[in-house]
Structure formats: C-alpha cells, structure tokens
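[1] For reference, the sequence and a predicted model appear below.
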Amino acid sequence: MATVPESPKAVSVQEYRRFSSVQRAQHVLLILSFTLLALTGLPQKFAGDEWAETLIAWMGSIENVRIIHHYAAIVLIFVSIAEFIMIGYKIYVERARWTIFPVLQDAFDAFNQFFYNLGMRKDAPKYDRYTWGEKFEYWALVWGTAIMALTGFILWNPILSSKFLPGEWIPVAKAAHGGEAILAVLAILVWHIYNVHLKTFNKSMFNGKLSRREMEEEHSVELELLEQGKASYQAPAEIQQRRKRRYAPVAVIAGAVMLLALYLFVTAETTAISTLPPASAGQQVFAPRTFTPSATRVQLTQTPPPPTATLEPGKPTYTPAPPVSPTASGVAVANPLPADHAGRTVCQVCHATGVGSAPKNPPDHEGRLDSTCVDCHKLQ
C-alpha cells in the first residue's frame, strides 16, 4: 500500500529507497486479505454456478467460506487503520511532502500520457514520486475499502442496520458490495498487475528499492530533486521529538477508537442460530417417503347395496360396485373404480365423509392421501 513516503534516501549509487519495511509489511497483508476476500466473496455472489460451487467445496462448506471472508475483512480494516495513523505521523511529525495527494498537474499528466501513447506527443510526461495512475489506484483503494466496509457492516449486521436504516438498504448494500468487488478484482487484474508486473516487473514493494534506470524512466522529477537535495525536508530532531510527544496520545486515542469500532463491527450482532449444533457433513435434511400399499385384514359382512344416488342434472352418478368378498386367506380385495371415475384425483372429497352414495372410508384408511388410492383400487 503506497503512503506518504519516508524521506527518500539513496541506498547506493545506483539504488534509491522507495518503501520502508513497515510499508512493505502492509502491502503483504493487503495482498493476502484482498486475495482471500476475492476467493471467498465471488463464489458467494455467484453461488449456483459450477465454478463457484467447486471453490466452495474446496474450502469445505459455505460456513467455512463466510468465516474466512470475515477474518480477511478484519485484516483489511486493520491495515486501513494502520495506514491512517501512519499518514498522520508522516504529515505532522516528519512534515513529509504530500506526494500521494492528487493535484491539478495529475490531470494534465493523464492527458499528456494518453496523447503520448497514441503517438501524438514526442515526449512522455515526467513524474514526481507517484504517477497519476498510482495516485488513482491508491485513492480507488481508499474509497473502495470504505464502500466495502460500510456495505459489509450492513450485510454482517442486517437486523441492527434495519433499526437505523430503511429495510431497502440491505439489498442495496448487497448489490453495491458485489458490484464494487467485481470492479476491484478487475482493476487489480487488468490495471495493477499489468503496470507493476507485466509492463515492467517493479520489485520496489518487495525489496524497497528502485534502480537509477527505473527512477529515470518512472520518477525523473523526484530523481532531480534528490540530486539537488530538495526531495524532502527534515525538521530538526528536537522539533520532531516535540511533535512526537503531541502526536502520540492523539494516535493512541484515535487508534483505540477505531479498534473499538472494529470490535463492535464484528460482534454487534449474531444472525446465525447458535443454540443448535451444526449439521454434520453429508446429513440428508429431507428424504421424501413413497407410500407402499399393503394388504389389510378386515372383517366383512354381507350388506345390501345402497340405492343409486340421484344427483343434479349433468352431474355424474355413482354406481357402487358389488360388495367385497373376502378371499380364502382373509385379505380384502379392493373395490374396483367405476369407469366414470377415470382421471379423478380428489377421492377424499367424497369418500372421507361418505358424501351422497359414496361409501365412507373404513377406519384403517384414515390419513391416506388421494395419490395412494389407485394403488389398490383399479378401474373396471
């Protein structure tokens, strides 16, 4: 992560220091957290796609994916807090040049670079410590992290957020969170990786140094200032010590407040059911059961057939079948269905209570579904 720099010093005749060890450590944490956020966030956004389900399976479960995503978000916010405190130190205590902040010249440099790339300018623009593209990347990271943190808080704590914001903000936050994630990943893949790894492999974020040739090509203005001794201003030691004593309590209080906010961010709400043990892997939650009819022993008596029901004109009439006779083994044979019952699927409407002349279900048929009637009762 680029910041307001330390006082640039020549490490050797051909090398110049660009980033401190603290800045490089920040960058490593940024790489790790951003990569984990991308690998765990995009599969959640595109859940259901084959590639997303494959990544989720590699990480064990969707619960594991969310846990990793949350921890990576905590690391990213922590790095941002450290960056904020470091910038304050560089500006107030060391009085470093504000080289990372945009100025009007950056707009002219962007247009001049565009025309140079098209062959419409003879010379490329010369840059100070940071090019307009590096500044754009840095501040895109700043506002992108702010958007992801705010929308992530809403998604992490939806019930708490809905107490202060309209409910519509939750799906809006989800859309903004996912859209910004795609934009950030594309910016890294298309812009950042090309500029620092493919166009020329810039090793300064790993070893902290740039060669003289690289300084001449990318930061010629800063190189001139270095050689003239004007690249930085260092206040006397006693002044810096006095500023440190003033800045230290402010930094401690600000850091404590931001860390407390981070703690509340993480623990403000529990949206998962914590009273139930998690389901074991591979457990089948729902297994549909198919009814299998079986013979039922019943006691039958000979009864005269009921009279034929006379229904309203145009309505089908029910003609009961002859009474059932027990078989030799004592197992009842199901009555066949009349021909005019073909295609009917609502048996229990009439037979559950014995509407009209429809015979009422025997006691052992209670609770049986319409879909199981034709398993025993066949059409004539």
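    Right, received. Where do you want to start? Numbering: from 1, shown residues only.
[2] next one: the helix or strand bottoming out on mean pLDDT in the chain to chain centre, how far?
    Least confident element among the helices and strands of the chain, by mean pLDDT, DSSP states H and E: helix 348-351 (a mean of 79). Distance of helix 348-351 from the chain centroid (Cα atoms, centre = their mean, to the nearest Å) equals 51 Å.
[3] Kindly export it (C-alpha atoms) in PDB.
    Written as PDB, here are the backbone C-alpha positions of helix 348-351 (Å, rounded to 0.1, in the frame of the first residue of the first chain):
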ATOM      1  CA  GLN A 348     -61.200 -37.900  -0.200                       C
ATOM      2  CA  VAL A 349     -63.600 -35.100  -1.100                       C
ATOM      3  CA  CYS A 350     -66.400 -37.700  -1.200                       C
ATOM      4  CA  HIS A 351     -65.100 -40.800   0.500                       C
END
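[4] Surely F84 forms part of a helix?
    Yes: F84: assigned to a helix according to DSSP: H, G, I helix; E, B strand; the rest coil.
[5] What's the local residue count around it?
    15 (other Cβ atoms under 10 Å). To be clear about C-beta, it is placed using only N, CA and C from the backbone, and glycine gets the same treatment.
[6] Help me confirm that it comes into contact with M258.
    Yes: counting by Cβ atoms under 8 Å, F84 touches M258, with 7.4 Å between them.
[7] sorry, back to before: list the buried residues of the least confident helix or strand of the chain.
    350-351 (16 or more other Cβ atoms under 10 Å).
[8] biggest helix in this structure by residues?
    In the chain, with assignment by DSSP state H, the single longest helix is helix 237-267.
[9] ok now that one, how far from the chain's centre?
    A distance of 31 Å separates the C-alpha centroid of helix 237-267 from that of its chain, computed with Cα atoms, centre = their mean.
[10] Next, the buried residues of that helix.
    243, 247, 251, 258, 262, 265-266.
[11] Is it possible to get TSV of these that adds distance to G119?
    Below are these laid out as TSV (distance: Cβ to Cβ, whole Å):
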residue	distance to G119
R243	49
Y247	49
A251	49
M258	48
L262	50
F265	50
V266	53
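[12] Looking at the residues you listed, spot the one nearest W169.
    Of all the buried residues of helix 237-267, W169 sits closest to F265, with 16.7 Å by Cβ to Cβ.
[13] now the helices for the stretch 201-350 of the chain?
    All helices of the stretch 201-350 of the chain, identified by DSSP state H, counting those that start in this stretch, fall at 204-207, 212-218, 220-228, 237-267, 348-351.
[14] Which elements pack onto the fourth one?
    Using 3 or more Cβ pairs under 8 Å, 6 or more residues apart in numbering; DSSP states H and E as the contact definition, the elements that helix 237-267 packs against are helix 62-88, helix 132-156.
[15] Check the residue nearest the centre of the chain and give its pLDDT.
    Centre of the chain computed as the mean C-alpha position; nearest residue by Cα atoms, centre = their mean is G41, 3.6 Å away. For G41, the pLDDT comes out at 94.
[16] tell me the contacts of it?
    69, 178, 181 (Cβ atoms under 8 Å, 6 or more residues apart in numbering).
[17] Weed out the non-buried ones from those residues.
    69, 178, 181.
[18] and the angle for the host helix or strand of G41 with helix 62-88?
    Assessed by DSSP states H and E, G41 sits inside helix 21-45. Angle of helix 21-45 versus helix 62-88, following axes from the mean of the first three to the mean of the last three Cα atoms, to 10 degrees, is 150 degrees.
[19] Now E216: closest residue in space that isn't a chain neighbour?
    Leaving aside its chain neighbours, E216 sits nearest to L223 (6.2 Å; criterion: Cβ to Cβ, 6 or more residues apart in numbering).
[20] any weak-confidence spans in the stretch 51-200 of the chain?
    Applying pLDDT under 70 to the stretch 51-200 of the chain flags no residue at all.
[21] on that earlier part again, which among the buried ones among the contacts of G41 gets closest to G343?
    Of the buried ones among the contacts of G41, the one sitting nearest to G343 (Cβ to Cβ) turns out to be G178, at 49.1 Å.
[22] Can you classify that closest one as helix, strand or coil?
    Quick answer, by three-state DSSP: G178 is helix.
[23] Excluding chain neighbours, give the residue nearest to it in space.
    K45 (4.5 Å).
[24] That neighbour - how many residues pack around it?
    Burial measure for K45: 15 neighbouring residues, criterion other Cβ under 10 Å.
[25] try M148
    M148: 20 surrounding residues under other Cβ under 10 Å.
[26] any idea how far G354 is from it?
    67 Å (Cβ to Cβ, to the nearest Å).
[27] With A173 instead?
    Computed with Cβ to Cβ, the distance linking A173 and G354 is 59 Å.
[28] wouldn't P338 be in contact with H377 here?
    No: judged on Cβ under 8 Å, P338 makes no contact with H377 at a distance of 10.2 Å.
[29] Could you chop the chain up by domain?
    Following automatic domain parsing, the chain resolves into domains at 15-267, 293-380.
[30] quick one: contacts for V65?
    By Cβ under 8 Å, 6+ apart, V65 lies in contact with 40, 43-44, 55-56, 59.
[31] among these, which two are most distant?
    Between any two of those (Cβ to Cβ), the greatest distance is 11.0 Å, for Q44 and M59.
[32] Nothing else from me, thank you.
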